[in-house]
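Novice: Make a model of this:
(chains A and B, ligands or ions: 2)
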Amino acid sequence: MKNIIEIKNLHKIYAKGTHAIKGINLDVKEGEFCILLGLSGSGKSTLLRCLNRLIEPTSGEIYIDGEDVIGAKGQKLRYIRRKIGMIFQQFNLIQNLSSITNVLTGKLGYSTLIHSLTFPQHKEDMKTALDNLSRVGLKEFADKKTRNLSGGQQQRVAIARALMQNPKIILADEPVASLDPATADSVMQYLGELNKSDNMTVICSLHFLSLARKYGSRVIALKDGKIVFDGTPKEIDEKRFKEIYGEDAEEVEIR
Amino acid sequence: MKKDNKLKLNLQAILTDLLIWIYILGCVSFLVNHWFEKIIQTNFVVIFGVAAGFISFILGLSIGRKIFLPTIKTEGKWYKTFWGWSVFLLLLITFIVGWNLVEVDLYKLFAKFQNAGGIMKGIFNPNMDIFMQCLAALAETIYLALLATAFAIPLAFFLSFFAARNLMPQTFLGNTVYIIVRTIATIFRSIEAIVWAIIFSVWVGIGPFAGMLALMIHSIASLTKLYSEQIENINPGPVEAIKATGANTIQTWIFAVVPQIISPFLAFTIYRWDINVRMATIVGFVGGGGIGLLLLQQQQMLRWQNVGIIIWMIAIVVWIMDMVSAKVRGKLQEM
Ligand SMILES: Nc1ncnc2c1ncn2[C@@H]1O[C@H](COP(=O)(O)OP(=O)(O)OP(=O)(O)O)[C@@H](O)[C@H]1O
Ligand SMILES: [Mg+2]
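Specialist: Ligands and ions are numbered 1, 2, ... in the order given. All right, here's what the predicted structure looks like:
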């Protein structure tokens, strides 16, 4: 398998001086389901956002599917971004637009301005959007404003939006942190499905070891901006767990 | 770093004290001149003001210290402290000077009521004969307010994106554009519509067109500020998400920013139209046409009954506008 993501000596220092990422080297193979663990403030969100340059890295190199991310500008950067679907803890949908419109925004990277303003007139786009909504089981919610959907439904709309990009990679930043356990598991199932049947590479930050064990093929743990563990979920025992989360931590179960 | 800051705070404190005491002594010299017709030289005012400021700063808890150096203990009731008395003195002398400058005269207010008899009679016996003429002038005013608002909306909408901190990139170009748009809007807004009306009544001649231009300029500046503040308050999450799909800047603005601001923008705009109708009346007074101009003419000819009908009609229109705009804004909020 080839490396779909290559990160070399990545650093991020925020304007106020916080050194959030301290020299990370990481290769991710195509088709992996990586779980990103780490305490709050360990740099998970920063790392994920560096990958599609929502945050500008301070130094280092990133290659996505062989393409240089750091050097990319304008159009080139947008072409790289559309290969990467992103899921957020707060769903980040546009609340007063309908689900279908939200899903259609996943197509923006492929569309000219005029085209994107007339999405409803383009049959193929509408069809793809509806297909993606059906895939996450929300076909009948197409015309509902997303503000009126539950958290789990909103996150599924967000997944459909990412699918619209036809991405090779999915970055998920604590996608289930604001959901109840059952809903969380169902959202994770959709991500697992994309990984298995569409061979999408997933990097997903989580706070729950049980979910990591269930869905992850690889676990990467960050502490203070550095990788402190990289292995399979099975390898995380009590000792490793305390290394990642500190001496006083207790594992919480979630099914 | 910390030392620098302390020095700066001390300087600000002492400067405040100097200005306060120069002001107090300035007021004293005004009063002396006003009551005893003795002139006190400006030099004296400044010299004694500076001296008093310095002494108060060095001796104790002056106002400057209280504001800028709050680390210093300040206990007890205000009247037991030096700064408390200073503030008291400051307010007292300001009030006394104000009373004299404004020529407050209670005798005139109560004993000369009959002077207003004409206008009072006019208001209660409005001359209905000029009703149609008033209506025409009023239409002029309302329409000029409407046009001024309508022309201002697209321009302000466009400009507001460039005046929003969170949308302008943190580059030299981005910052420059932001600062220029913001500064121009602030300057134009601080010039009252009435001043613009004077300028335009010379430029395009007295009449509703001048009034429209005046209100338009003022509305553009003011809406740009309101709109851009609204943009700065949007949820940044959707912007991030749309950017991540590979959308370009314009697409990001249209899909992630605009849907979030559209209903507050509408509310502001209606509010603005409401303000513009009131201002259109006043702008009319200085050459902006409409009902304001009519009112000015009738008042100068002392036709109190005509003035009466005009006042009634303005009041009714403003009252209706108020109600309608509150209703519409309420509806928008529910949306
Ligand atoms: N925009 C920012 N400006 C300055 N510092 C920031 C910014 N965003 C994050 N940081 C800092 O960078 C460090 C890493 O933050 P990050 O959000 O990446 O952590 P995280 O692992 O995602 O935490 P959480 O689990 O709470 O989401 C923290 O110390 C944080 O305070
Ligand atoms: Mg985070």
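Novice: Check which element follows the biggest helix by length in chain B along the chain.
Specialist: For chain B, the helix reaching the highest residue count under DSSP state H is reported as helix B:2-36. Sequence-wise, the next helix or strand downstream of helix B:2-36 (DSSP states H and E) is helix B:42-59.
Novice: For whatever residue of the stretch 51-200 of chain B ends up closest to ligand 1, which residues are in contact?
Specialist: Closest to ligand 1 within the stretch 51-200 of chain B is B:Gln170: 11.8 Å, counting by Cβ to the nearest ligand atom. Any C-beta I mention is one placed from the backbone N, CA and C, and that applies to glycine too. Under the criterion of Cβ atoms under 8 Å, 6 or more residues apart in numbering or on different chains, B:Gln170 has no neighbours.
Novice: Could you look up the SS state of it?
Specialist: Under DSSP: H, G, I helix; E, B strand; the rest coil, B:Gln170 falls in the coil class.
Novice: how far away is it from A:Arg49?
Specialist: Using Cβ to Cβ, to the nearest Å, B:Gln170 is found at 16 Å from A:Arg49.
Novice: same thing with A:Glu238?
Specialist: Applying Cβ to Cβ, the value for A:Glu238 to A:Arg49 is 32 Å.
Novice: the more surrounded of the two?
Specialist: Neighbours were counted for A:Glu238 and for A:Arg49 using other Cβ atoms under 10 Å in any protein chain shown; A:Arg49 has more, 19 against 8.
Novice: Surely that one is in contact with A:Ile55?
Specialist: Yes: under the criterion of Cβ atoms under 8 Å, A:Arg49 makes contact with A:Ile55 at 4.1 Å.
Novice: Can you tell me which residue of chain B sits closest to chain A?
Specialist: Going by Cβ to the nearest Cβ, chain A is nearest to B:Gly246 of chain B, at 2.3 Å.
Novice: which non-adjacent residue is nearest that residue?
Specialist: With Cβ to Cβ, 6 or more residues apart in numbering or on different chains as the criterion, B:Gly246 has its nearest non-adjacent residue at 2.3 Å, and that residue is A:Gly109.
Novice: my hunch is that that neighbour is in a strand, does that hold up?
Specialist: No: counting by three-state DSSP, A:Gly109 is located in no strand; its state is helix.
Novice: so what's it up against?
Specialist: Contact partners of A:Gly109, counting by Cβ under 8 Å, 6+ apart, are A:78-79, A:81-82, A:165, B:245-247.
Novice: how close does it get to ligand 1?
Specialist: Going from A:Gly109 to ligand 1 by Cβ to the nearest ligand atom, to the nearest Å gives 24 Å.
Novice: Count residues in the vicinity of residue 110, would you?
Specialist: Here I'm looking at chain A. Using other Cβ under 10 Å, the number of residues around A:Tyr110 comes to 18.
Novice: The chain in question should be chain B.
Specialist: Neighbourhood size, B:Phe110 [other Cβ under 10 Å]: 8.
Novice: same deal with B:Gly174?
Specialist: A count of neighbours around B:Gly174, defined by other Cβ under 10 Å, yields 14.
Novice: I'd guessed it sits against B:Ala164; true?
Specialist: No: if you go by Cβ under 8 Å, B:Gly174 and B:Ala164 don't touch, sitting 10.8 Å apart.
Novice: In chain B, what residue lies closest to ligand 1?
Specialist: For chain B, the nearest residue to ligand 1 under the criterion Cβ to the nearest ligand atom is B:Pro236, separated by 10.3 Å.
Novice: show me the contacts for the residue minimising distance to the centre of chain B.
Specialist: Residue closest to the mean C-alpha point of chain B, counted by Cα atoms, centre = their mean, is B:Ser190 at 7.1 Å. For B:Ser190, no contacting residues are found, by Cβ under 8 Å, 6+ apart.
Novice: what do you get for A:Lys12?
Specialist: Residues in contact with A:Lys12 (Cβ under 8 Å, 6+ apart) are A:19-21, A:43, A:46-47, A:50, A:55, A:57-58, A:225.
Novice: List the contacts of the closest residue to A:Arg147 other than its chain neighbours.
Specialist: Nearest residue to A:Arg147 in three dimensions, chain neighbours excluded: A:Gln95, at 4.2 Å (Cβ to Cβ, 6+ apart). By Cβ under 8 Å, 6+ apart, the contact set of A:Gln95 is A:145-147, B:238, B:259-260.
Novice: Show me which of these are buried.
Specialist: A:145-146, B:238, B:259-260 (16 or more other Cβ atoms under 10 Å in any protein chain shown).
Novice: what does the model give whichever residue of the stretch 101-250 of chain A sits closest to chain B for pLDDT?
Specialist: Taking Cβ to the nearest Cβ, chain B has its nearest neighbour within the stretch 101-250 of chain A at A:Gly109, 2.3 Å off. In the prediction, the pLDDT value recorded for A:Gly109 is 92.
Novice: quick one: low-confidence ranges for the stretch 51-200 of chain B?
Specialist: Applying pLDDT under 70 to the stretch 51-200 of chain B flags residues B:71-76.
Novice: What's the per-residue pLDDT of the most far-flung residue of chain A relative to its centre here?
Specialist: Centroid-distance maximum for chain A: A:Gln121 at 30.1 Å, with Cα atoms, centre = their mean. Here the pLDDT value assigned to A:Gln121 is 86.
Novice: can you list the residues that contact the lengthiest helix in chain A?
Specialist: Among the segments of chain A that qualify as a helix by DSSP H, the longest is helix A:181-197. With Cβ under 8 Å, 6+ apart as the test, helix A:181-197 has contacts from A:31, A:33, A:87, A:136, A:150-152, A:155-156, A:159, A:163, A:170, A:172, A:175-176, A:179, A:200-202, A:204, A:208, A:211, A:214-215, A:254-255.
Novice: The residues you listed in strands, which ones?
Specialist: If you go by DSSP state E, the contacts of helix A:181-197 have A:33, A:87, A:170, A:172, A:201-202, A:204 in strands.
Novice: what's the closest of these to A:Leu26?
Specialist: Comparing the ones in strands among the contacts of helix A:181-197 against A:Leu26 with Cβ to Cβ places A:Thr201 closest, at 12.4 Å.
Novice: Show the contacting residues for that closest one.
Specialist: Residues near A:Thr201 by Cβ under 8 Å, 6+ apart: A:4-5, A:28-34, A:168-170, A:195.
Novice: what does A:Phe229 give?
Specialist: A:Phe229 makes contact with A:37, A:219-221, A:235-236, A:240, A:243-244, according to Cβ under 8 Å, 6+ apart.
Novice: mind running it again at 10 Å?
Specialist: A:37-38, A:219-223, A:235-236, A:240-241, A:243-244 (Cβ atoms under 10 Å, 6 or more residues apart in numbering or on different chains).
Novice: one step back: for the ones in strands among the contacts of helix A:181-197, please prepare a markdown table with the additional fields pLDDT.
Specialist: Listed next are the ones in strands among the contacts of helix A:181-197 as a markdown table, based on pLDDT from 0 to 100:
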| residue | pLDDT |
| --- | --- |
| A:Phe33 | 94 |
| A:Ile87 | 95 |
| A:Ile170 | 94 |
| A:Ala172 | 94 |
| A:Thr201 | 94 |
| A:Val202 | 95 |
| A:Cys204 | 94 |
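Novice: Can you select the buried ones among those for me in PyMOL?
Specialist: Those of the ones in strands among the contacts of helix A:181-197 that count as buried under 16+ other Cβ under 10 Å are selected in PyMOL with:
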select buried, chain A and resi 33+87+170+172+201+202+204
